[in-house]
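A.B. asks: With the input below, show me the fold.
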Amino acid sequence: MKHAFGAAVCLAAFALPGHAAPADHYPEKPVRIVVPFAAGGGGDFIARAFADKLSATLKQPVIIDNRGGGNTVTGTEAVAKAEPDGYTLLIVSPSFATNPTLLPRLPYRTPDDFAPIGLVITYAMGLAARANLPANDIPQLLELAARQPGKLTIATSGEGSASHMATELFKAATHANILDVPYRGAGPAMLDVASGHVDLAFTGLSQIKPHLDSKRAKLLATSGLRRLQSAPDIRTIAEQGVKDFEAVVWWGMFAPAGTPKPIIDKINGALRISLADPEVAKRFEVIDGEVRVSSPEEFDRFVREEIKRWGKLLKPSKATTASP
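C.D. replies: Coordinates of the predicted model:
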């Protein structure tokens with residue numbers, strides 16, 4: 001009884017009006033967002049698009065920390081091992097859900113070593129090609145691939161990334177024999193497409209557009225079920241004969257497991273305010289991004305379903321990859 005009474009007294013003390021809840025004074029110092037990709041890629045673009053507004057909402061500096069490498073494992077592990085105090089956050093993409101299948105010896109448990117904050121945004125990708133590729137649409141590309149089996153190359157942001165998943169879906173749907181070339185991020189991948197070192201890449205329009213403007217790359221198709229507002233003349237892959245094809249990128253945010261729920265909820269609320277800002281919406285126009293801030297619980301369910309979904313595709317996959 002003494003122990004029970006003591007526990008009751010402790011709990012009562014936390015309920016007293018004068019006792020500060022975990023989120024009352026959060027944040028009191030800069031907040032760091034780890035992007036587990038190289039600078040210039042999709043995650044870097046997404047994080048920087050709303051970082052200033054998130055900083056203004058939280059009233060503390062928000063620092064972007066690019067930690068590319070290890071197929072996102074380097075940056076992700078750093079967050080898994082960080083203090084669960086809300087000052088180290090992680091931006092994630094589909095690779096977070098595919099790595100448990102591709103890399104069974106991860107130095108952390110996915111998703112149990114992380115506290116979900118929320119889904120942030122989704123968008124379709126473009127299928128870009130080097131400017132002098134002798135194909136200008138999907139039928140021409142498939143004809144070229146059939147004439148030169150295994151000769152065409154497609155850059156991805158590493159195994160398990162959204163671009164890799166789009167590539168695998170495309171190859172499965174079309175039976176095209178195209179060689180994957182994994183990179184450390186979408187930025188370096190598109191640079192090599194524009195330079196003519198690789199033929200193709202699935203990635204967001206924010207990475208493709210500068211190379212379209214310089215005429216060093218061209219856009220063959222987009223990966224959603226509807227055309228992009230930023231590229232209305234470019235037909236979707238589905239429109240070009242690959243029935244029901246759809247490959248969408250999603251980005252979300254986690255904190256280390258054990259981060260107090262009131263702090264998680266405070267960050268989620270700050271995200272909602274920041275992403276609703278018209279300036280942020282304008283930055284996302286270039287990728288036709290759809291802001292979709294979910295609750296932490298909804299995001300947790302979503303990620304667990306993604307892990308199951310991609311596990312089914314990847315386990316029987318016999319995709320061939322090569323180093324860039």
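
A.B. asks: Which positions within stretch 172-187 qualify as buried?
C.D. replies: The neighbour-count check on stretch 172-187 (16 or more other C-beta atoms under 10 Å) flags 174, 176, 178-187 as buried. C-beta coordinates here come from the backbone N, C-alpha and C atoms, glycine included.

A.B. asks: can you redo the residues you listed as TSV with secondary structure?
C.D. replies: Formatted as TSV, the entries for the buried residues of stretch 172-187 read as follows, by DSSP: H, G, I helix; E, B strand; the rest coil:
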residue	secondary structure
Thr174	helix
Ala176	coil
Ile178	coil
Leu179	strand
Asp180	strand
Val181	strand
Pro182	strand
Tyr183	coil
Arg184	coil
Gly185	coil
Ala186	helix
Gly187	helix
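
A.B. asks: Pick the one among these closest to Val120.
C.D. replies: Compare each of the buried residues of stretch 172-187 with Val120 using C-beta to C-beta and the shortest gap goes to Ala186, at 16.7 Å.

A.B. asks: how many other residues sit next to the residue nearest to Pro36 when sequence neighbours are not counted?
C.D. replies: Leaving aside its sequence neighbours, Pro36 sits nearest to Gly75 (C-beta to C-beta, 6 or more residues apart in numbering; 2.9 Å). Applying other C-beta atoms under 10 Å, we find 22 residues neighbouring Gly75.

A.B. asks: Check which element follows the host helix or strand of Gly75 along the chain.
C.D. replies: Using DSSP states H and E, the secondary-structure element containing Gly75 is helix 73-80. Next along the chain after helix 73-80, taking DSSP H and E as the criterion, comes strand 88-92.

A.B. asks: List of residues touching that following strand?
C.D. replies: With contact meaning C-beta atoms under 8 Å, 6 or more residues apart in numbering, strand 88-92 is reached by 31-36, 43, 46-47, 72, 75-76, 78-79, 82, 114, 117, 120, 251-256, 267, 303.

A.B. asks: From these, which land in strands?
C.D. replies: Applying DSSP state E to the contacts of strand 88-92, the entries found in strands are 31-35, 114, 117, 120, 251-256.

A.B. asks: Ends of stretch 175-183, what's the gap?
C.D. replies: The first and last residues of stretch 175-183 sit 23 Å apart, counting by C-alpha to C-alpha, to the nearest Å.

A.B. asks: how far does stretch 155-163 stretch from start to finish?
C.D. replies: Distances were taken as C-alpha to C-alpha; on that basis the terminal residues of stretch 155-163 are 8 Å apart.

A.B. asks: what mean pLDDT does that stretch have?
C.D. replies: Here stretch 155-163 scores 83 as its mean pLDDT.

A.B. asks: same question, stretch 249-260
C.D. replies: Over the span of stretch 249-260, the pLDDT mean works out to 96.

A.B. asks: now swap in stretch 172-181 and tell me
C.D. replies: In this model, stretch 172-181 has an average pLDDT of 95.

A.B. asks: what's in contact with stretch 141-152?
C.D. replies: Contacts made with stretch 141-152 from outside it, assessed by C-beta under 8 Å, 6+ apart, are listed as 129, 133-135, 174, 176-179, 199-200, 220.

A.B. asks: ok, the residue nearest the centre of the chain to Ile121 distance?
C.D. replies: For the chain, the residue whose C-alpha lies nearest the mean C-alpha position (C-alpha atoms, centre = their mean) is Ser93; its distance is 2.4 Å. Counting by C-beta to C-beta, to the nearest Å, the gap between Ser93 and Ile121 amounts to 10 Å.
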